[in-house]
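Visitor: Need coordinates for the following:
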Amino acid sequence: MQEDKALIYEDWKENILPLLDLALLKLNPKFFDIEQYFAAKSLISSRSFEIDDYHGFDMVPLADL
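Guide: Numbering: from 1, shown residues only. Modelled structure (predicted):
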């Protein structure tokens, strides 16, 4: 679990943090902090599934019911 969190943190630092510095986007940092990123990654990893080779992995509302 700690290894996963470390990898996710590195992913956030590399891909999300630079976006917060772009004034053009005017992103609110409180919506893009590391905890929000962990929550989003958790939802995606637990709720996404492979549709087919063409569509790849997706999240389909209510499909997991």
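
Visitor: Can you tell me the element residue 57 falls in?
Guide: Assigned by DSSP states H and E, residue 57 belongs to strand 56-58.

Visitor: Likewise for residue 50?
Guide: Taking DSSP H and E as the criterion, residue 50 maps to strand 49-52.

Visitor: Can you show me the CA trace of that strand as CSV?
Guide: Taking Å, rounded to 0.1, in the frame of the first residue of the first chain, the C-alpha atoms of strand 49-52 are listed here in CSV:
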residue,chain,number,x,y,z
PHE,A,49,-13.2,-2.3,-16.2
GLU,A,50,-12.2,-3.3,-19.7
ILE,A,51,-15.1,-2.8,-22.2
ASP,A,52,-13.3,-4.3,-25.2
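
Visitor: tell me how far that strand is from the chain's mean position?
Guide: Mean-position distance between strand 49-52 and its chain equals 18 Å (CA atoms, centre = their mean, to the nearest Å).

Visitor: Can you spell out which helices and strands pack onto that strand?
Guide: Counting contacts by 3 or more CB pairs under 8 Å, 6 or more residues apart in numbering; DSSP states H and E, strand 49-52 packs against strand 56-58. Backbone N, C-alpha and C define where each C-beta goes, glycine included.

Visitor: what does the average pLDDT come to for the strand it packs on?
Guide: Over the span of strand 56-58, the pLDDT mean works out to 88.

Visitor: hmm, back to that, helices or strands next to the strand holding residue 57 in the packing?
Guide: Contacts defined by 3+ CB pairs under 8 Å, 6+ apart place strand 56-58 against strand 49-52.

Visitor: what's the strand holding residue 57 in contact with?
Guide: Strand 56-58 is contacted by residues 48, 49, 50, 51 when judged by CB atoms under 8 Å, 6 or more residues apart in numbering.

Visitor: ok, now with 10 Å
Guide: Here strand 56-58 makes contact (CB atoms under 10 Å, 6 or more residues apart in numbering) with 44, 45, 47, 48, 49, 50, 51, 52.
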